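Engineer: coords below, sequence missing:
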């Protein structure tokens, strides 16, 4: 069975004395890490990528985004991504482990930022020229500190990371007004609890009632929370998470369609095909042909 490669920070460090944080220009990253980046892959860390030059496409979990100067991307552990980039591409890329950030910020975790906290949240933020200049200024400080041996180096790196994440959350909130209010933030935290449960149980539990009961709320209230945050129903998200995993397995694993259906909790292959077609608008076989062509 072929598997989807999972990359860790150590692969890119090149002798650095920490495996918790990594920084590079995109141009250098693509040269040094090229042997790891030829095929779609996952990370076991949180990644931020800012493009300042060039163009192309960046695909994250089968969602294709256009790349241009000012394109800022966020990726969480476990997401599969690949890209097609022009030869003149440049920008900045940095990774951090969950422990690196959260051992310092006891009362704040990376998943509190919406672009890291939900697989259904957009992964791209397009910066205009003014914001691109502001971000580049902060990221230059981050680059300088990464290569230094200064006193309290990690503290300043973490502070600069927080600036990037907080400013990005504010920019995202312009398009997601419901995240700005205290009630909206409360709903988002409940929504994250739901996604945590979903990630642990989507293969074996596919009913809204299970998740609502585990969270000690009614199915109606759970649907209200999800509708407020992502404008979808709980059933949509449960099915969507299963189908996302199905797509990953169909493309990257050398297993039969029946084996994949069974691994995802479907005893009847025909029922799995119906669910897949309803969610994707095509059968698993049609998806494979379309994607691999």
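Structural biologist: It's in. Please read all numbers here as calculations on a predicted model, not as lab measurements. Numbering: from 1, shown residues only.

Engineer: Could you report the distance from residue 134 to residue 143?
Structural biologist: 15 Å (C-beta to C-beta, to the nearest Å). For every residue, glycine as well, the C-beta is placed using N, CA and C.

Engineer: Tell me if I'm right that residue 261 and residue 275 touch.
Structural biologist: No. Judged on C-beta atoms under 8 Å, residue 261 makes no contact with residue 275 at a distance of 9.4 Å.

Engineer: higher neighbour count, the two?
Structural biologist: Legend: neighbour count by other C-beta atoms under 10 Å for residue 261 and residue 275, higher for residue 261 (23 against 17).

Engineer: Without its sequence neighbours, what residue ends up closest to the more buried one?
Structural biologist: Spatially, and ignoring its direct neighbours in sequence, residue 261 is nearest to residue 272 (3.8 Å; C-beta to C-beta, 6 or more residues apart in numbering).

Engineer: Also residue 251?
Structural biologist: Excluding its sequence neighbours, the residue lying closest to residue 251 (C-beta to C-beta, 6+ apart) is residue 291, at 5.8 Å.

Engineer: what about the one you found, neighbour count?
Structural biologist: By other C-beta under 10 Å, the residues close to residue 291 number 11.

Engineer: isn't there a helix covering it?
Structural biologist: Yes. Assessed with DSSP: H, G, I helix; E, B strand; the rest coil, residue 291 lies in a helix.

Engineer: which residues does it contact?
Structural biologist: 62, 247, 251 (C-beta atoms under 8 Å, 6 or more residues apart in numbering).

Engineer: Go through those residues and name the one nearest residue 23.
Structural biologist: Closest approach between the contacts of residue 291 and residue 23, by C-beta to C-beta: residue 62, at 28.1 Å.

Engineer: Does the residue nearest to that closest one when sequence neighbours are not counted lie in a helix or a strand, and which?
Structural biologist: Once flanking residues are discounted, residue 62 sits nearest to residue 247: 5.5 Å by C-beta to C-beta, 6+ apart. Under the criterion of DSSP states H and E, residue 247 resides in helix 234-252.

Engineer: quick one: average pLDDT of that helix?
Structural biologist: Averaging pLDDT along helix 234-252 yields 92.

Engineer: Mind listing what's buried along it?
Structural biologist: Buried residues in helix 234-252, counted by 16 or more other C-beta atoms under 10 Å: 234, 236-250, 252.
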